[in-house]
Every structure is written in C-alpha cells, then in structure tokens.
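Trainee: The sequence and its predicted three-dimensional model are supplied below.
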Amino acid sequence: MKDDENKFLRGIWDWNRINDDRWLSPASVVYALAVRWKNQNKHYILDLGCGLGRNSLYFYEQGFKVAAIDGAQSAIDRLKEVCEQKKYIIDIRLEDMHSLPFDNESFDAVFSLHVIYHTDSKGILKVISEIYRVLKPGGEIFLTFNSKNSPNYVNNISSKIDENTIIKQEGIEKGIVHYFADEKDVKKLLENFDIQKFFYVEDIRLNGSRSCHYYVIAKK
C-alpha cells in the first residue's frame, strides 16, 4: 500500500487544526459506560482512536487502567503532554488500528467512538478481528458505525471505492475514507460477539446538517 493510501485508510486527522472545545470534554456515552464497566469489575480499557484523550482521561480518573492509541502524532503528543502535567499514567501509543500492538486477551473492555469506520470494507474486518483478539473472554466493546442513511453516504455515491466506502471530498476529513453500514452489515461484522445494546442515533445539528450512526455494546 502506498504511503498516501495508508494515511487515509488509517483516518489520520491533523489535530493541530482542530480548535473545537468539544474534543476536550468526555463524550456523553462515557459516563454511563464507566458506571457499567465498574459494576462489571472491568479494570483495563483500550481507547482505540483516542484523539486528544478526552475519554481516556475520564476513564483513568474513574480508576481504570487505560491504554490509548491513535494514528495521529499530533494527538499523541498533546495527550502525553496533558498526562505529564497531571502525572497520569496512561499507556499512550502511536499505532495503526489494523494491527494492534497488544497480546491476545489483554483488555476487559475496548472503547472506540467514531473511529473504526475510517477504513474500507476489507480494513474494517481486520480492525474488528484485532479488537476480538485483544479482548478477554467476557469482555465488552463499545463501537460506533456510520449508517448508510447518512447524507455523507447518500450524497457521495460518485466517490465510492467499494459498496460501503466513500472518500470524503471536502471539509476537515477531505481525502479520508469512511465505511458505512446498515443494520444487517453491523450484525454481520459483529457475528462473533453477543450484542448487548444496539442504538440508532441521528444527530441533527443547528445548521441543519445530519449525521447518522449505530452505537453498539457487545460482549465476547
């Protein structure tokens, strides 16, 4: 694979260009997951695609042991800086989600918000197989998938590189691939897991734009 292809298949953002404060506060789903996983006596969490670390930091503050990976050096550098200042001990690594650098059955839970769909149809199979490999039996995952209902999919058919994957043509994610699924696709991708919760979420923004996702909690 050529370097430029590898870059967009890994979904790399330049976090030095991101100035939105929402990336500094934990995502709303994290609060409930922290309670859920505490109640299940889970201890070691992988934040796959950690970005600036907003969710990794919260999990750590709730007493979890945390490993955080991302494909963007700009994100990793900033999270390491924050952890140094706060004296937090988080295993922070620059890595490719298609090949996780962890032993089999390392984690009690894997958290990945708006990340694993930054690849194509072949790549997402590899990512999910890696998640399954590093998760302990009885461990849980929280994953999100782009829905084919999304205008980003419907309006970009001309930029498809396979049946489920488009390359964005504008905005901050220009040139980055996005995998889109329907309910059947998600269930097929997670056929080796036991799905615990399955949500469909439409985010209707003040400017009228929409994003559509599936949120899934599943157990190995």
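Mentor: Okay, I see it. The structure presented is a predicted model; accordingly, all values stated were derived computationally and were not measured.

Trainee: mind listing what's buried in stretch 130-150?
Mentor: Residues of stretch 130-150 classed as buried under the neighbour-count rule (16 or more other Cβ atoms under 10 Å) are 130-132, 134-135, 139-150. The C-beta positions use only the backbone N, C-alpha and C, and glycine is treated the same way.

Trainee: Quick check: mean pLDDT of that stretch?
Mentor: For stretch 130-150, mean pLDDT rounds to 97.

Trainee: In its sheet, which strands sit next to the helix or strand hosting residue 68, and in what direction?
Mentor: Element membership of residue 68 [criterion: DSSP states H and E] is strand 65-70. In the sheet, strand 65-70 lines up against strand 44-48 (parallel), strand 91-94 (parallel) (DSSP bridges).

Trainee: need the next SSE after the first one, C-terminal direction.
Mentor: Pointing back at strand 44-48 there. Past strand 44-48, the next helix or strand by DSSP H and E is helix 54-61.

Trainee: now do the last one
Mentor: Proceeding C-terminally, strand 91-94 gives way to strand 107-112 as the next helix or strand, assigned by DSSP H and E.

Trainee: Are there helices or strands packed against that next one, and which ones?
Mentor: Applying 3 or more Cβ pairs under 8 Å, 6 or more residues apart in numbering; DSSP states H and E, we find strand 107-112 packed against helix 28-39, strand 44-48, helix 121-134, strand 135-147.

Trainee: so can I have CSV of these showing distance to residue 200?
Mentor: Shown next, in CSV, are the helices and strands packed on strand 107-112 (distance: least, Cβ to Cβ, whole Å):
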stretch, distance to residue 200
helix 28-39, 14
strand 44-48, 22
helix 121-134, 18
strand 135-147, 7
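
Trainee: wait, which of the ones you listed is closest to residue 75?
Mentor: strand 44-48 (11.1 Å; Cβ to Cβ).

Trainee: In CSV, could you pull the C-alpha coordinates for that closest one?
Mentor: Provided in CSV are the C-alpha atoms of strand 44-48 (Å, rounded to 0.1, in the frame of the first residue of the first chain):
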residue,chain,number,x,y,z
TYR,A,44,-8.3,-2.4,31.8
ILE,A,45,-9.7,-0.4,29.0
LEU,A,46,-8.4,0.2,25.4
ASP,A,47,-9.4,3.6,24.0
LEU,A,48,-9.0,2.9,20.3
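
Trainee: in this protein, what secondary structure element scores lowest on mean pLDDT?
Mentor: In the chain, the helix or strand scored least confidently by mean pLDDT, DSSP states H and E is helix 3-9, which has a mean of 41.

Trainee: before we move on, the earlier item: who wins for proximity to residue 95 among the helices and strands packed on strand 107-112?
Mentor: strand 44-48 (9.0 Å).

Trainee: The closest one: how far from the chain's middle?
Mentor: 10 Å (Cα atoms, centre = their mean, to the nearest Å).

Trainee: check contacts around the spatially closest residue to residue 190 that is not a sequence neighbour.
Mentor: Among residues not flanking residue 190 along the chain, residue 218 sits closest, at 5.4 Å (Cβ to Cβ, 6 or more residues apart in numbering). Taking Cβ atoms under 8 Å, 6 or more residues apart in numbering as the criterion, residue 218 is in contact with 140, 141, 143, 190, 193, 194, 195, 196.
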